[in-house]
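Undergrad: coordinates for the following, if possible.
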Amino acid sequence: MFNIEQIYTGCLSQGAYYVTSNGEAAIIDPLREVQQYVDKLAKDGVILKYIFETHFHADFVSGHVTLSEKTGAPIVFGPTANTSFDAIIATDEQTFKVGDITIKVLHTPGHTMESTTYLLIDEEGKEHAIFSGDTLFLGDVGRPDLAQKAAEITKEDLAGMLFESLRTKILPLPDSLIVYPAHGAGSACGKNMMKETVDTLGNQRKVNYALRSDMTKDEFVKELTDGLLPPPAYFPLNVKLNKEGYQDIANVISKGTRPLDPAAFQLEAEMHNALILDVRPPQVFAKAFIPRSINIGINGTFAPWVGALVKDITVPILLVTPEGREEEVVTRLSRVGFDNALGYLNGGVEAWIKEGKEIDEIESISATEFESRFDDSLPLFDVRRETEYLSEHLLSAKNIPLSNLNDHLAMLPKEQTFYIHCAGGYRSMIAASILKSRGYHNIIDIAGGYGSLSKTNIKASDFVCPTTL
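TA: Predicted coordinates for the structure are as follows:
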């Protein structure tokens, strides 16, 4: 007998896997905070036999190094992997015993060169499941542009490898096989993932465009490489940490959760030229915040947005958080490699105000109020993704996706009042705070975003709703 538990982390759209059989365990693609796994091992009375990594992750820092240090279990990577720490570099089709089950290595390059799928074979020799990493998602496959090296290999080369990997290693497997991917919808590692996190290979043959039997290699390469957005800036930095190792998350949390009174907070900010990251809800932030602080709310897809917008993972960070959530914020930052949090503002903005220190604010109005002001001449900017904008948008709005905001500041009027919105208000407040910190003081945010705007009485012809994207 054996048991498979998917440990899914929604803010990263990431699945780690905990597998047990007859007193032994394997963990695939663990998160950086590994105490949860150590506790599970102790509770279940099992020994961790192996830590399997499907590839060098780009979108999060894996827990393989710390987990190996704490348990003594060896780390396993697929063929061609090169690490700065001790690891088993497996060969294609090599097998590993975990209790009564067998884990078989299927080298599936394409997303990255070392990308590997792990096939679970039960005690009766039946092929039961695959842990497919970023090789095969539900509804999609991994993007082929994260491991390319200039003049050596292109994304088209990698896409071609992925085509061969899928057809020679994955598709010959039985339809009953359960597919456990490393990511789900919302991850930047693919383009079109399903919201489900587990499926059968048989169903994926029917619904996943990349597994179509009539698709040629050239068609696959074109489909996979068309419309790829640039990867977030932190991706290669996370790959480096996953290859070379990193400090224990306990040290990161200890440093990042230091309470600082307003005077100490201000001194740290000035001494270190620190980024002040305010993670309170957008509308709370808008009413009063420390000047030049950036709002990325902890209740949204927090860590990926920090990674996408803050280019340097070594930047010193000071935190303004909802009370009691300091450790959660530092933990989520560390998942994407931001290990340099210096502490948080003890007592929050209320303590800052009580000390008589300067605050700032951002005007945020309802969609109904915007409707009362609306005419086509109002400068209006939509910071949703391009695909969202093309699906439906206000005709007078110009699109500047939040992820590209820093590259398009010249589009924004510095002397004239302008309005911004996103889908629901989370991203537009991020954008507003960034612009405020750069001297744009004439921004008005539309609370509720497009979701609220679409319910107003602004005439229907002002909206574009094409039948296809």
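
Undergrad: verify the stated contact: Asp278 with Val320.
TA: Yes: with contact defined as Cβ atoms under 8 Å, Asp278 counts as touching Val320 (4.1 Å). (Each C-beta comes from the backbone N, C-alpha and C, glycine too.)

Undergrad: between the two, what contacts are shared?
TA: Counting by Cβ atoms under 8 Å, 6 or more residues apart in numbering, the shared contacts of Asp278 and Val320 are 289-290, 293.

Undergrad: narrow those to those that are buried.
TA: Taking 16 or more other Cβ atoms under 10 Å as the criterion, what is buried in the shared contacts of Asp278 and Val320 is 289-290, 293.

Undergrad: flag the shaky bits of the chain, pLDDT-wise.
TA: 148-151, 458-469 (pLDDT under 70).

Undergrad: how about a cut-off of 80?
TA: 147-152, 191-192, 229, 458-469 (pLDDT under 80).

Undergrad: dump the buried ones among the shared contacts of Asp278 and Val320 to a markdown table, plus distance to Asn203.
TA: Listed next are those as a markdown table, based on distance: Cβ to Cβ, whole Å:
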| residue | distance to Asn203 |
| --- | --- |
| Phe289 | 47 |
| Ile290 | 50 |
| Ser293 | 46 |
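
Undergrad: from those residues, which ones fall inside helices?
TA: Among those, no residue falls in helices (DSSP state H).

Undergrad: with respect to Lys191, which of the residues you listed is nearest?
TA: Ser293 (33.1 Å; Cβ to Cβ).

Undergrad: report how many residues lie close to the closest residue to the closest one other than its chain neighbours.
TA: Nearest non-adjacent residue to Ser293, counting by Cβ to Cβ, 6 or more residues apart in numbering: Ile276, 3.8 Å away. Applying other Cβ atoms under 10 Å, we find 22 residues neighbouring Ile276.

Undergrad: surely Ile276 is within a helix?
TA: No: counting by DSSP: H, G, I helix; E, B strand; the rest coil, Ile276 is not found in a helix; it is strand.

Undergrad: quick revisit: closest one of the shared contacts of Asp278 and Val320 to Val98?
TA: Ser293 (47.7 Å).

Undergrad: wait, that closest one touches Leu277, no?
TA: Yes: counting by Cβ under 8 Å, Ser293 touches Leu277, with 7.0 Å between them.

Undergrad: return every residue with contacts to both of these two.
TA: Common contacts of Ser293 and Leu277 (Cβ under 8 Å, 6+ apart): Val320.

Undergrad: okay, domains of this structure per the record?
TA: Domain assignment for the chain by automatic domain parsing gives 3-237, 248-354, 363-464.

Undergrad: pretty sure the residue nearest to Ser293 sits against Asn295.
TA: No: under the criterion of Cβ under 8 Å, Ile276 makes no contact with Asn295, lying 9.9 Å away.

Undergrad: residues touching Thr257, list them.
TA: 326-327, 330, 341, 343-344.

Undergrad: which of the helices or strands spans Glu328?
TA: Following DSSP states H and E, one finds Glu328 within helix 326-335.

Undergrad: centre of the chain to that helix, how far?
TA: A distance of 14 Å separates the centroid of the chain from that of helix 326-335, by Cα atoms, centre = their mean, to the nearest Å.

Undergrad: residues touching it, excluding its own?
TA: By Cβ under 8 Å, 6+ apart, helix 326-335 touches 9, 11-12, 31-33, 60-61, 249, 252-253, 256-257, 279, 298, 302-303, 306, 317, 319, 321, 339, 341, 344.

Undergrad: which of the shared contacts of Asp278 and Val320 lies closest to Ile170?
TA: Ser293 (46.6 Å).

Undergrad: what are the phi and psi angles of the closest one?
TA: phi -80, psi 160 (degrees, to the nearest 10).

Undergrad: Glu24 and Tyr18: what is the separation?
TA: For Glu24, the distance to Tyr18 equals 12 Å [Cβ to Cβ, to the nearest Å].

Undergrad: Gly45 now?
TA: In terms of Cβ to Cβ, Gly45 sits 14 Å off from Tyr18.

Undergrad: neighbour-wise, which of those two wins?
TA: Tyr18 (21 against 8).

Undergrad: A strand includes that one, no?
TA: Yes: counting by three-state DSSP, Tyr18 is found in a strand.

Undergrad: can you tell me the closest non-neighbouring residue to it?
TA: Glu5 (4.4 Å).

Undergrad: pull the number of nearby residues for the one you found.
TA: 13.

Undergrad: name the SS class of it, please.
TA: strand.

Undergrad: that one contacts Tyr17, doesn't it?
TA: Yes: look at Glu5 against Tyr17 with Cβ under 8 Å: they come within range, at 7.0 Å.

Undergrad: now do the strands in the stretch 251-400 of the chain.
TA: 259-260, 275-278, 294-295, 317-320, 341-345, 363-365, 380-382, 393-394, 397-399 (DSSP state E, counting those that start in this stretch).

Undergrad: how about those strands, which one is nearest Ile153?
TA: strand 397-399 (32.6 Å).

Undergrad: which residues sit against that closest one?
TA: 380-384, 386, 389, 393, 411, 421.

Undergrad: of those, just the buried ones, PyMOL syntax please.
TA: Buried residues within the contacts of strand 397-399, by 16+ other Cβ under 10 Å, are selected in PyMOL with:
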select buried, resi 380+381+382+383+384+386+389+393+421
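
Undergrad: which of the contacts of strand 397-399 lies closest to Ile170?
TA: For the contacts of strand 397-399, the nearest to Ile170 is Glu386 (30.9 Å; Cβ to Cβ).

Undergrad: how much space separates that closest one from His393?
TA: Applying Cβ to Cβ to Glu386 and His393 gives a distance of 10 Å.

Undergrad: repeat that for Asn406.
TA: Taken as Cβ to Cβ, the span from Asn406 to His393 is 22 Å.

Undergrad: that older thread, which parts of the helix holding Glu328 are buried?
TA: 326, 328-335.

Undergrad: which of those residues lies closest to Phe52?
TA: Looking across the buried residues of helix 326-335 and measuring by Cβ to Cβ, the closest to Phe52 is Arg335, at 19.0 Å.

Undergrad: isn't there a strand covering Leu120?
TA: Yes: counting by three-state DSSP, Leu120 falls inside a strand.

Undergrad: could I get the contacting residues of it?
TA: 2, 4, 19, 101-104, 127-131.

Undergrad: hmm, who's touching stretch 406-420?
TA: 309, 370, 378-383, 398, 400, 428, 431-432, 434-435, 438-440, 442-446.

Undergrad: give the contact list for the residue nearest to Tyr18.
TA: 17-19.

Undergrad: same thing but 10 Å
TA: Contacts for Glu5 (Cβ atoms under 10 Å, 6 or more residues apart in numbering) come out as 16-20, 27, 40, 44.

Undergrad: just the buried ones out of those, please.
TA: Buried, going by 16+ other Cβ under 10 Å: 16-20, 27, 40, out of the contacts of Glu5.
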